[in-house]
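**Student:** Next come a sequence and a model predicted from it.
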Amino acid sequence: MGERKVRTPSKPHSKHSRKMSSPGVSNLTALLQSAATDSASIVKCPSATLSRLRQLNEAEWITLFTPFVPHPPSTVLARNMDPFEPLGRMLPRQVRHVPYRLDHGMTDTHVDFLGASGAIIIVICSTENVTSYDPKAYDAQARFANSVLQKVNENKTLADVPTFVLLITNGVARQAHEEGLIDFPAIVTCNNYTTSALANAVRVMFGN
């Protein structure tokens, strides 16, 4: 399915070195470690919401909101590529991919895309590499997500539109980050935002 990327001004990403495999670690061990790191799960979601997402028709677009954050340390993507571009390409419907800046929050551009949404996925990325770069990253993204939810709740035409938060988090703050989103009806989590981790999140959401 096609992805339409909406360009908005971005800040330069911080530079991270590529994570290398440890000497002496077997291929099987590396695969098991990768699988654990890339795991994804549904924290909460009404069955009707999940069913609606999985039954979107070909004409319905997914609006994907993603934050401007640094690449994960283990990325294999080009540094000038949005780390969530692979997510937009993997979603099994047409996608309008609309990034958001943490320092700007919701803008009129983001609001304009809500009305034509068949489904809405809001990414919050608060892994340790992100919060070490910006300690306020989680709070800023949670505010953006809450602004989206408020707009959805205020618009009766969006009452049946499935709205998901994809929370990407790890480390000691993971539980607190999940609990901070308790007002959201549908939450999916994963530990990383490598391409393989995002693919696992898509499989969890769409049951593929």
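**Tutor:** Perfect, I can see it now. Just so it is clear, the model here is predicted, and its values are computed rather than measured.

**Student:** Helix, strand, or coil at E58?
**Tutor:** For E58, the assignment made with DSSP: H, G, I helix; E, B strand; the rest coil gives coil.

**Student:** Next: I121.
**Tutor:** Secondary structure for I121, judged by three-state DSSP, is strand.

**Student:** Same check on I168?
**Tutor:** With three-state DSSP as the basis, the three-state label of I168 is strand.

**Student:** let's have the chain start at 31 instead
**Tutor:** Sounds good: first residue 31 from here, last item I198.

**Student:** And the lengthiest helix in the chain, what does it pack against?
**Tutor:** The helix spanning the most residues in the chain, taking DSSP state H as the definition, is helix 167-184. Counting contacts by 3 or more Cβ pairs under 8 Å, 6 or more residues apart in numbering; DSSP states H and E, helix 167-184 is packed against strand 91-97, helix 138-144, strand 147-156, helix 158-163, strand 193-199. (Each C-beta comes from the backbone N, C-alpha and C, glycine too.)

**Student:** one more time with 10 Å, if that's ok
**Tutor:** Helix 167-184 is packed against strand 91-97, strand 125-130, helix 138-144, strand 147-156, helix 158-163, strand 193-199, helix 204-209, with contacts defined by 3 or more Cβ pairs under 10 Å, 6 or more residues apart in numbering; DSSP states H and E.

**Student:** Could you dump the ones you listed into TSV with mean pLDDT, mean neighbour count and distance to M235 added?
**Tutor:** Converted to TSV, these look like this (pLDDT from 0 to 100; neighbours: other Cβ atoms under 10 Å; distance: least, Cβ to Cβ, whole Å):
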stretch	mean pLDDT	mean neighbour count	distance to M235
strand 91-97	97	23	10
strand 125-130	97	22	13
helix 138-144	94	15	19
strand 147-156	98	24	8
helix 158-163	95	17	21
strand 193-199	98	25	7
helix 204-209	95	14	16
